[in-house]
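> Sequence first, then the predicted structure:
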Amino acid sequence: MQLRNIPLLMGALLPAVQAALRQHTLTVTNGTSNADGVTRSSWLLNGQTPGPHFVWDEGDDISVTVVNNGPEPITIHWHGIEQYGTPWSDGVPGLAQYPIGPGQNFVYNFTLYQYGFYWYHSHYKMQLDDGLKGTIYIRPSSSRAKPFNQISNDTTVLNQLKAAEINPLMLNVYDYKHYTSEYWMSEWERTNVEQLCIDNIIVNGKGQVKCPDMTVINSLAASYQKPLTNKGCMYPNNTLMFPYPDSKFSCVYPKFRRIM
């Protein structure tokens, strides 16, 4: 699963803010979500998935209390954020910390020495695929060089670039499945075929199920990918999908090949 963060211009120029102590609480539960109109089991952070979007400043001290009200252990990894002097806050179970058990909580403390777009997610099992994730934007220090004049010398454009640096619009794009990671992993183990066919592409936590005609689907595929299923996926016995001699491709359920 991939998550990409893309900054877009928005808003008026805002004043730079000073470094501070940022305190948050993430209450993790297990419930349901219907990002594209199909309801499925999902992890929720403060009642939503993706979780809250955090906006911090380079140099800030961060303190996030994670409360696990879910049915199994969890951790939170702050993806790409360097943990200078705070390795116990990296969120990797068995390496940086013990998992946070059901009914328990853990406080992540760290200082920001970077800026830019990042994200946070569970590092336990495949929980991030089931919604346990969120996004972060760290605004750069006012002391950072801002060579915007290499892009334009127009005053209006320069002000827009400065505004975007301070207050960007977050655009999250990631793949999405209608089945839980536990179910997908069990099918992988049962068939020895990795279940690579996804159900959707979600933008900012929302999407819709679209079922193009097979003519449209086939027009977008290379010859070595055909034939395709009506879900736009290669069949599990395609040579590109069939690298293991003990794969049981005939056991793959049709629902993993078609739009649900």
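Sure, I can see it.
> Can you report how many residues lie near the closest residue to Lys133 other than its chain neighbours?
Once flanking residues are discounted, Lys133 sits nearest to His121: 3.8 Å by C-beta to C-beta, 6 or more residues apart in numbering. Every C-beta, even on glycine, is put in place using the N, C-alpha and C of the backbone. Neighbourhood size, His121 [other C-beta atoms under 10 Å]: 24.
> What distance do you get for His121 to Gly232?
26 Å (C-beta to C-beta, to the nearest Å).
> now Val92
35 Å.
> Between these two, which has more neighbouring residues?
Using other C-beta under 10 Å as the criterion, Val92 and Gly232 rank with Gly232 on top: 20 against 12.
> I'd guessed the more buried one sits against Lys210; true?
No - applying C-beta atoms under 8 Å as the test, Gly232 and Lys210 come out as separate, 10.2 Å apart.
> Can you tell me the SS state at Gly37?
For Gly37, the assignment made with DSSP: H, G, I helix; E, B strand; the rest coil gives coil.
> Tell me how far it lies from Gln48.
17 Å.
> out of these two, which sits in the more crowded spot?
Here Gly37 and Gln48 are compared on neighbour count by other C-beta under 10 Å; more neighbours surround Gln48, at 14 against 10.
> pLDDT at that one, what is it?
You'll see Gln48 listed with a pLDDT of 97.
> Quick check: the residue lying closest to it once chain neighbours are set aside vs Arg22, distance?
The shortest distance from Gln48 to any residue other than its chain neighbours is 7.8 Å, reached at Gly205 (C-beta to C-beta, 6+ apart). According to C-beta to C-beta, Gly205 and Arg22 sit 23 Å apart.
> So these two - more neighbours on which side?
Between Gly205 and Arg22, counting by other C-beta under 10 Å, Gly205 is the more crowded of the two (18 against 15).
> which residues does the more buried one contact?
With contacts taken as C-beta atoms under 8 Å, 6 or more residues apart in numbering, Gly205 has the following neighbours: 35, 48-50, 172.
> Would you list the phi and psi of it?
phi 80, psi 10 (degrees, to the nearest 10).
> before we move on, which element is the closest residue to Gln127 other than its chain neighbours in?
With sequence-adjacent residues excluded and distances taken as C-beta to C-beta, 6+ apart, Gln127 is closest to Trp43, at 5.7 Å. According to DSSP states H and E, Trp43 maps onto strand 40-45.
> need the contact list for Gly207.
Gly207 neighbours (C-beta under 8 Å, 6+ apart): 35-36, 176, 200-201.
> Could you point out which of those is nearest to Asn237?
Proximity of these to Asn237 (C-beta to C-beta) peaks at Asn200, which lies at 24.1 Å.
> partners of that closest one in the sheet?
On the basis of DSSP bridges, Asn200 is bridged to Tyr176.
> Same question for Gln23.
Following DSSP bridges, Gln23 is listed with bridge partners Ser63.
> So it is in contact with Ser63, correct?
Yes - the pair Gln23 / Ser63 is scored as a contact, 4.8 Å apart, by C-beta under 8 Å.
> Which one's more surrounded, those two?
Ser63 (15 against 12).
> quick revisit: the helix or strand following the strand holding Trp43 packs against which elements?
Counting by DSSP H and E, the element after strand 40-45 in chain order, helix or strand, is strand 54-57. Here strand 54-57 touches strand 21-33, strand 133-139, going by 3 or more C-beta pairs under 8 Å, 6 or more residues apart in numbering; DSSP states H and E.
> Describe which strands strand 54-57 pairs with in its sheet and in which direction.
With DSSP bridges as the test, strand 54-57 pairs up with strand 133-139 (parallel).
> Show residues contacting the partner strand.
Contacts for strand 133-139 (C-beta under 8 Å, 6+ apart): 3, 5, 16-17, 45, 49-58, 60, 78, 81, 112, 114-122, 165-166, 168, 170, 172.
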